[in-house]
Structure formats: C-alpha cells, structure tokens
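Peer 1: Give the three-dimensional model of this entry:
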Amino acid sequence: MRLVRAWAPRGADRFYNLVRLGYYDDARFHRTVPGFIVQWGVAGDPEVTAAWLDRTLPDDPVVVSNTRGRIAFAFTEAGTRSTQVFIATVDLERLDEGGFAPFGEVVEGMEVVDALFGGYGEDSGGGMRAGGQDSLVLQGNAWLDRDFPLLDRILRAYPEA
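Peer 2: As a prediction, this is how the structure comes out:
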C-alpha cells in the first residue's frame, strides 16, 4: 500500500499513525462486499476501539477518484472519520461526491484483497451508517471470532522504513 499525502493529508497521517501505533494489528476485515469494498478498522479490543471512537479528524477534500485499489476512510456523515477504512474493489467514482477522499492505494497484492472472504457481506460489521455495528464495537474480535469465524485478518501492520 502506498500513502499519498497530497491526495488527503489528514487521512494519510491518521492512517500512518494508527498503523505505527499497532491499532490495526489483529483486526478483521469485518465488511467484505464483493464487487464493492473491503473494510476494516475496528480494533480487536473493545477498550481500544472506545478510546478512538470519538477521535474524529476533519475531512479532506476529494482530489482523486475512488477507483479500484484506492483506500479511504469510511464515515457516517461529514466530520466523522475516525479509524475505519476501505479499499475499493471496483471503480467507485460515485463515492467521490459523498466526500470519501482516497489517501492511498494498493500497489501490490490486489489479488489478495480480491480473495478476502466475502460470504458474510454486511452481517459481520456493515451498517456503520445504519447503526449496525454495536456488537462489533462493544465485543470486538470475541464477537467476530465466535459468530463470523471465516473472516480474514491483519496479523500485523507496519509502515515501511
């Protein structure tokens, strides 16, 4: 993955720092919708998630389009970006008008993204906008591992030196 600060400096900086702090370590790809997106960003430990839940960052303007392989923050409304991100698995220019500002892109391994388990669809943590993430936020990996054991996970994320 390559971050591009010129596209969305606040988003790129937030993501970089969350990676550096280990926030995404052992996170599950909790929302994999084939032909749309792969999303993650709720910490496995509910206490860690709670500490970041209200730490929103100001929006970046959209300067590049949400094409296949681009990564952006998920949010419910303007000004609510926090920790959840997604990779577009198809061209999603329609998200540009909604304020989803890409801050990076997959430069190698998109075939891995395409192969992530998508059999649960929205059930394992979709519904951010509809308020359907309560169990995920309150129980973290314990809930996901019990009820959605086939989800793929990030073992460890780290910035390149």
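Peer 1: so what's the residue nearest to residue 4 when sequence neighbours are not counted up against?
Peer 2: Nearest-residue entry for residue 4: residue 104, 5.8 Å, with adjacent residues in sequence omitted and distances by CB to CB, 6 or more residues apart in numbering. Just so you know, the C-beta spots here come from the backbone N, C-alpha and C atoms, and that holds for glycine as well. Residue 104 makes contacts with 1, 2, 3, 4, 7, 12, 15, 70, 71, as judged by CB atoms under 8 Å, 6 or more residues apart in numbering.
Peer 1: The first one and residue 103 touch, don't they?
Peer 2: Put plainly, it is residue 1. No: with contacts counted by CB atoms under 8 Å, residue 1 stays clear of residue 103, the gap being 10.1 Å.
Peer 1: what touches both of those two?
Peer 2: Common contacts of residue 1 and residue 103 (CB under 8 Å, 6+ apart): residue 71.
Peer 1: Neighbour count: those two, which is higher?
Peer 2: Legend: neighbour count by other CB atoms under 10 Å for residue 1 and residue 103, higher for residue 103 (25 against 17).
Peer 1: Let me see the mean pLDDT of the lengthiest helix in the chain.
Peer 2: Taking DSSP state H as the criterion, the chain has its longest helix at helix 9-21. Average pLDDT, helix 9-21: 97.
Peer 1: Mind listing residues that contact it?
Peer 2: Contacts to helix 9-21, defined as CB under 8 Å, 6+ apart, come from residues 3-5, 24, 57-60, 71-73, 81, 83, 85, 101, 103-104, 157-159.
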